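Chemist: I need the structure of the sequence given here:
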Amino acid sequence: MNAGLLSSLAVIAGEFLVILSSFATIWMASDELQHELSEIARVDPLTGAYNRRAFDEACEIEFSRSLRSGSAFTIIMCDLDHFKKVNDQYGHHVGDQVLKRFADILRGRVRKHDVVARFGGEEFVLLLPNNNTEQGMHVAEQLKAKTAATQIELGRDIDLAISASFGVAQYCIGDREWSAVLHRADNAL
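Modeler: Numbering: from 1, shown residues only. As a prediction, the model looks like this:
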């Protein structure tokens, strides 16, 4: 009878381990899926830049940090010039190429902890922590030059030149919300 009891306990323990490992696998897959879904909800699918929701979250965090430490941050608003004309003349597939290329230009110039987001349509916005207006203007000038030097090949020796406008604003002590900085950057645009 002891052998039968030990055998039964071994079977029960084995089944318990199978069930436990199944739950662990499901939990890990669920956690990974949740992380993946969270990232999808924060990224613009066309350009790979963050979306407005992710930008708002990053600005809330940076604004809180600036309130505590007094450190500056800069927001740069970017708008592709004559984008409607590109869509009308060449079609939305070319417009999509322009948006992707512009997002790549923006991401290629910023630091790892800076935030590049598609704000809507052909507007993009950058959050540059620990930057003042002068540093933000320098970044904007570099981006403007890089954008102007960009040619998008449309085929058969046809290249499309693009340009963009930029507005820069810095957090000021006394700003009650980060959106005040965004508003100034938009006005500067």
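
Chemist: alpha carbons only for contacts and neighbour counts from here, please
Modeler: Fine.

Chemist: where exactly do the helices run in this protein?
Modeler: For the chain, helices defined by DSSP state H occupy the ranges 2-42, 52-69, 83-90, 92-109, 133-148, 179-188.

Chemist: the fourth one: which residues count as buried?
Modeler: When you say that, I think you mean helix 92-109. By neighbour count with 16 or more other Cα atoms under 10 Å, helix 92-109 contains the buried residues 94-99, 101-103, 105-107.

Chemist: and which of those residues is nearest to Ile12?
Modeler: Of all the buried residues of helix 92-109, the one with the least separation from Ile12 (Cα to Cα) is Arg107, at 55.4 Å.

Chemist: next up, the contacts around that closest one.
Modeler: 49, 116 (Cα atoms under 8 Å, 6 or more residues apart in numbering).

Chemist: how close does it sit to Arg118?
Modeler: 11 Å (Cα to Cα, to the nearest Å).

Chemist: give me the common contacts of these two.
Modeler: Taking Cα under 8 Å, 6+ apart as the contact criterion, the residues that touch both Arg107 and Arg118 are Ala49.

Chemist: just the pLDDT for the residue nearest in space to the middle of the chain.
Modeler: Residue closest to the average C-alpha location in the chain (Cα atoms, centre = their mean): Tyr50, at 2.0 Å. Tyr50 is assigned a predicted lDDT (pLDDT) of 96.

Chemist: over to the one 4 residues further on?
Modeler: Confidence at Ala54, expressed as pLDDT, is 96.

Chemist: state the pLDDT value of the closest residue to it other than its chain neighbours.
Modeler: Spatial nearest neighbour of Ala54, excluding adjacent residues (Cα to Cα, 6 or more residues apart in numbering): Arg42 at 5.1 Å. Looking at Arg42, its pLDDT reads 89.

Chemist: use 7 as the first number for this chain going forward.
Modeler: Noted, 7 is the first residue going forward, which turns the last one into Arg48.

Chemist: ok, Arg48 - contacts?
Modeler: Residues near Arg48 by Cα under 8 Å, 6+ apart: 56-60.

Chemist: filter these down to the buried ones.
Modeler: 56-58, 60.

Chemist: now the two most distant members of the residues you listed.
Modeler: Farthest-apart pair in those is Tyr56 and Arg58; separation 6.8 Å (Cα to Cα).

Chemist: any common contacting residues for the two?
Modeler: 48, 123-124.

Chemist: and the nearest residue to Ala194 once chain neighbours are set aside, how many residues sit next to it?
Modeler: Computed as Cα to Cα, 6+ apart, the closest residue to Ala194 that is not its neighbour in sequence is Gly173, at 4.5 Å. A total of 21 residues lie near Gly173 under the criterion other Cα atoms under 10 Å.

Chemist: please apply the same query to the one 5 residues further on.
Modeler: Cys178 sits with 18 neighbouring residues when counted by other Cα under 10 Å.
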